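>>> Take this sequence and fold it.
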Amino acid sequence: MTLMTDRRRWDDEALRHMAERDDPEAAESSMNARLFAELQAADGDRDALMRACRRADLRRVELSLVDGGGPDPALDAYMELILRSTPLSVYDAPDSPASYTGSLDSARAFVSKALPGFWVSSGLSALTGYASLGPDYNGPGRERLFREWPEAECPCDWSEDLAPGDGIGRECRAILTAAVRALSHLHDLADAARYRQELRDGAAAAKATWDARGGLLVHPRFAARRDR
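Coordinates of the predicted model:
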């Protein structure tokens, strides 16, 4: 698969997410269906349960950010919990969270904390409040960024355009929405890496049971008997 094909695929995923947001009920239903399936698949594995909840939390915050409105202290508290990787279901409102949804400096500070090494570009016009952000592969943290955000597995950037209806808050929300989508992508990258490692571990375990003398797959217990 070429790099262009990879990036087109990620763009398609972004378009699907944005199309879902035009139908909030469908978006909520899709999110809950995936969460339920992942909780079932986790089968009591605490780490898998936490990963499923994290993915749903990021999606829920994204949907809240694009829903409109001005500065929102409750949503600011959620953004603080996202920074702390605390499940939103375990809601313990932080004391005096930064005004992420009402201050450009705070919105950009969120990106600096959640996505260190990312560049941010944003603005507000008569048509839209918009933002783009992505890894600064030319900056001082480029080695870490190349490792954590492989170019072949990431879009060029994460962008958001929101109707400007309520002033500077729309630009703040555009920045935060793009950041949350980038965090969701990082979450998926980690899941993919974990799955590849499980496959490698499975292959190594299978190789350990391979009888080198006959090239036959043998249960380790029986292989030990043959070696006597």
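
>>> need the contact list for L115.
Taking C-beta atoms under 8 Å, 6 or more residues apart in numbering, we find L115 in contact with L133, A179, A182, L183. C-beta here means a position set from N, CA and C on the backbone, and glycine is covered the same way.

>>> hang on, I meant C172
P71, Y100, T101, G102, S103, L104, S106, A107, G129.

>>> if we go to 6 Å?
With C-beta atoms under 6 Å, 6 or more residues apart in numbering as the criterion, the residues that contact C172 are T101, A107.

>>> Just the ones of the contacts of L115 in helices?
Mapping those onto helices (DSSP state H) picks out A179, A182, L183.

>>> any chance of the contacts of L115 in a markdown table, plus pLDDT?
Formatted as a markdown table, those follow (pLDDT from 0 to 100):
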| residue | pLDDT |
| --- | --- |
| L133 | 96 |
| A179 | 95 |
| A182 | 93 |
| L183 | 92 |
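
>>> out of these, who has the most neighbours?
A179 (31 neighbours; other C-beta atoms under 10 Å).

>>> Identify the residue nearest that one in space, chain neighbours excluded?
V111 (5.1 Å; C-beta to C-beta, 6 or more residues apart in numbering).

>>> check contacts around the one you found.
Neighbours of V111 in contact, by C-beta under 6 Å, 6+ apart: F118, V120, A179.

>>> again, only this time at 10 Å
Y100, F118, W119, V120, S122, A131, L133, I175, L176, A178, A179, A182 (C-beta atoms under 10 Å, 6 or more residues apart in numbering).

>>> Quick one: these as JSON lines, columns for distance to L39 too.
Shown next, in JSON lines, are the contacts of V111 (distance: C-beta to C-beta, whole Å):
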{"residue": "Y100", "distance to L39": "29"}
{"residue": "F118", "distance to L39": "31"}
{"residue": "W119", "distance to L39": "36"}
{"residue": "V120", "distance to L39": "34"}
{"residue": "S122", "distance to L39": "36"}
{"residue": "A131", "distance to L39": "32"}
{"residue": "L133", "distance to L39": "31"}
{"residue": "I175", "distance to L39": "31"}
{"residue": "L176", "distance to L39": "27"}
{"residue": "A178", "distance to L39": "28"}
{"residue": "A179", "distance to L39": "26"}
{"residue": "A182", "distance to L39": "24"}
